[in-house]
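Visitor: Fold the following for me, if possible:
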Amino acid sequence: MLKTAMQSQLDGVRVGFEQLQSSLESIASIKQDLKDIDELFSKVPELSAKLQAVQEENMRHSQYVTAKENLKHTFTLPESVEMTKQWINQGNLLYAHQIIMDLENSRDDLLYELHKLPNQSPADTVMLKAYLEDVEMLSELMEKQIRLVLSRTLNTVRKEPTVIVTALRIIEREEKADHFAIQRHKQSGFMPPGRPKKWKDMAMKVLEKSVANRIEGTHIEERADNKMWLVRYLELTRLLILEDLRVVKTLCELCFPPWYNIVRTFVKMYHTSLSQHLKDIIANGLEGNEYVSLLSWIMNTYTGPELMQNPELNIDTSDIGPLLSPEIINDLQEKYLKNMCQNYEDWMKKTLETEKVDWWCGVLPEGSTQEAYYHTAAPVIIFQMIDQNLQVTKTISAELTAQAIILCIEQVIKYSYMYSL
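Guide: The predicted model follows:
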């Protein structure tokens, strides 16, 4: 066994020596290769100098090829511009946009070749941009037309949904062109004129503006015109949002790409626009029952089955947040309670004056008990007024009703004290 163990150790040592020898040979080979590479690299500057003429010729050839490929668009630019204008005015947006993209590609290729020159000539770049400035003008015309189409989305989608689809296809093309331009800019530092266009962002802003205009459009009366102006505005707004979201759910969702998540997007837009408009109304000041109308609508109608939880819409509103912040709601409730308190005080003063006059008029009150005690109508009126106020607060929230009860008790105590005096 000892002999076997020694033999095994000797074999291991021999294998180790062989591996060391192989490693030594590999190191020597690598060292020689690195030396050869270093010698080759030392000749690169000399070779580069010899090939300078070839590089310059290749640059000129590349420019000539680019210029030749774009001669058609360059020389037919005026005709192409006029034809594109006509197609835009006639509503042939896809054809017009294809020409615009062809012209932009030609312009960008020529400018890119100038950009690659080691000694760029600013005068050449300025001259080329000036000659091709109509291309950017066509893009602006197309953007204006896309804005117009999108601003009428909810009306157009009912009659001509293909118009909306066309506008969205053009926007998607421009988004891809933007992405390509940004990637090339990272590699070469060249960015074509007017890029990135960000037409998708533009589209969202146009839709937001159209929603805001529709919300504001239902505000057709002021307090001076109609005492019920706020109630009418809120009801018109409810009907508008309900109908518009039906259109979005049934028609727009079929036209917009899935990644627009258009139903959720429109819900948020209406929510945000309405919230801002209500804030403006509150900032201008509310009076009397307007507090009740607004609070009840916000806390019940808006969030209930009459609007956002309408079973026909079946939309998710879990991530849109409250229509107004808790701070604004609390402030409205406090102002409403303060207004209620002031009404109680004014009414109490008038009631006490009436009671005093009735007391000294020398005429017995109409009401009497079985015990032949006479009483005035004041207790009944107090009860009716308290009951009426509590019924109103129940339409808003249980919390506000509890606060109103406390306020009523305080006012009754105050009234009894004043009556005793």
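
Visitor: Averaged pLDDT, the longest helix anywhere in the chain. What do you get?
Guide: In the chain, assigned by DSSP state H, the helix with the most residues is helix 2-42. For helix 2-42, mean pLDDT is 76.

Visitor: ok, now stretch 409-421?
Guide: On average, stretch 409-421 scores 72.

Visitor: Which residue, other than its chain neighbours, is closest to residue 414?
Guide: Spatial nearest neighbour of residue 414, excluding adjacent residues (Cβ to Cβ, 6 or more residues apart in numbering): residue 348 at 7.4 Å. Where C-beta positions appear, they are placed from N, C-alpha and C, glycine not excepted.

Visitor: Quick one: distance of the helix or strand containing that neighbour to the chain centre.
Guide: Using DSSP states H and E, the element containing residue 348 is helix 326-359. Chain-centre distance of helix 326-359: 43 Å, with Cα atoms, centre = their mean, to the nearest Å.

Visitor: list the buried ones in stretch 233-240?
Guide: 233-235, 237-238, 240 (16 or more other Cβ atoms under 10 Å).

Visitor: which outside residues touch that stretch?
Guide: For stretch 233-240, the surrounding residues in contact (Cβ atoms under 8 Å, 6 or more residues apart in numbering) are 214-215, 218-221, 274, 293-294, 297, 301-302, 306-307.

Visitor: need those in a markdown table with secondary structure and neighbour count, can you?
Guide: Below are those laid out as a markdown table (DSSP: H, G, I helix; E, B strand; the rest coil; neighbours: other Cβ atoms under 10 Å):
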| residue | secondary structure | neighbour count |
| --- | --- | --- |
| 214 | helix | 17 |
| 215 | helix | 23 |
| 218 | coil | 19 |
| 219 | coil | 16 |
| 220 | coil | 12 |
| 221 | coil | 15 |
| 274 | helix | 24 |
| 293 | helix | 22 |
| 294 | helix | 23 |
| 297 | helix | 25 |
| 301 | helix | 18 |
| 302 | coil | 23 |
| 306 | coil | 15 |
| 307 | coil | 20 |
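
Visitor: Closest one of these to residue 13?
Guide: residue 274 (87.3 Å; Cβ to Cβ).

Visitor: does that closest one really touch residue 323, like I thought?
Guide: Yes: Residue 274 lies in contact with residue 323 (Cβ atoms under 8 Å); the separation is 6.7 Å.

Visitor: now the helix holding residue 348: mean pLDDT?
Guide: Averaged over helix 326-359, pLDDT sits at 80.

Visitor: what's it packed up against?
Guide: helix 262-283, helix 290-296, helix 378-394, helix 398-420 (3 or more Cβ pairs under 8 Å, 6 or more residues apart in numbering; DSSP states H and E).

Visitor: just these: most buried one?
Guide: helix 290-296 (a mean of 22; mean count of other Cβ atoms under 10 Å).

Visitor: Nearest approach to residue 315 belongs to which of the helices and strands packed on helix 326-359?
Guide: Residue 315 sits nearest to helix 262-283 of all the helices and strands packed on helix 326-359, at 5.8 Å, using Cβ to Cβ.

Visitor: Which strands or helices does the closest one pack on?
Guide: Packing partners of helix 262-283 (3+ Cβ pairs under 8 Å, 6+ apart): helix 199-217, helix 229-247, helix 290-296, helix 326-359.

Visitor: For the ones you listed, give me a markdown table that also has distance to residue 280.
Guide: Output for the helices and strands packed on helix 262-283, formatted as a markdown table (distance: least, Cβ to Cβ, whole Å):
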| stretch | distance to residue 280 |
| --- | --- |
| helix 199-217 | 9 |
| helix 229-247 | 12 |
| helix 290-296 | 13 |
| helix 326-359 | 12 |
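
Visitor: among these, which is nearest residue 96?
Guide: Using Cβ to Cβ, these put helix 199-217 closest to residue 96, at 14.6 Å.

Visitor: count of neighbours near residue 323?
Guide: Residues lying near residue 323 (other Cβ atoms under 10 Å) number 19.

Visitor: coming back round to it: give me the distance from the longest helix of the chain to the chain's centre.
Guide: Helix 2-42 sits 67 Å away from the centroid of its parent chain (Cα atoms, centre = their mean).

Visitor: State whether residue 171 and residue 200 are indeed in contact, as I suppose.
Guide: Yes: using Cβ under 8 Å, residue 171 is in contact with residue 200, at 5.7 Å.

Visitor: Compare the two and say which is more crowded by neighbours.
Guide: Set residue 171 next to residue 200 and count neighbours by other Cβ under 10 Å: residue 171 wins out with 22 against 16.

Visitor: Report the buried residues of the helix or strand encompassing the more buried one.
Guide: Secondary structure assignment for residue 171, by DSSP H and E: helix 161-188. Judged by neighbour count using 16+ other Cβ under 10 Å, the buried positions of helix 161-188 are 163-164, 166-168, 170-171, 173-175, 177-178, 181, 184.

Visitor: so what does it touch, helix or strand wise?
Guide: On a contact count with 3+ Cβ pairs under 8 Å, 6+ apart, helix 161-188 meets helix 93-116, helix 133-151, helix 153-159, helix 199-217, helix 253-255.

Visitor: and stretch 97-113, average pLDDT?
Guide: Stretch 97-113 comes out at a mean pLDDT of 85.

Visitor: from the buried residues of stretch 233-240, which is closest to residue 151?
Guide: For the buried residues of stretch 233-240, the closest approach to residue 151 (Cβ to Cβ) belongs to residue 240, at 16.3 Å.

Visitor: Tell me how far that closest one lies from residue 154.
Guide: When distance is defined by Cβ to Cβ, to the nearest Å, residue 240 is 10 Å away from residue 154.

Visitor: what do you get for residue 261?
Guide: From residue 261 across to residue 154, the span is 17 Å (Cβ to Cβ).

Visitor: Which of these two has more residues huddled nearby?
Guide: The neighbour comparison of residue 261 against residue 154 (other Cβ under 10 Å) goes to residue 154, with 20 against 13.

Visitor: okay but that one is in contact with residue 210, surely?
Guide: Yes: with contact defined as Cβ under 8 Å, residue 154 counts as touching residue 210 (7.5 Å).
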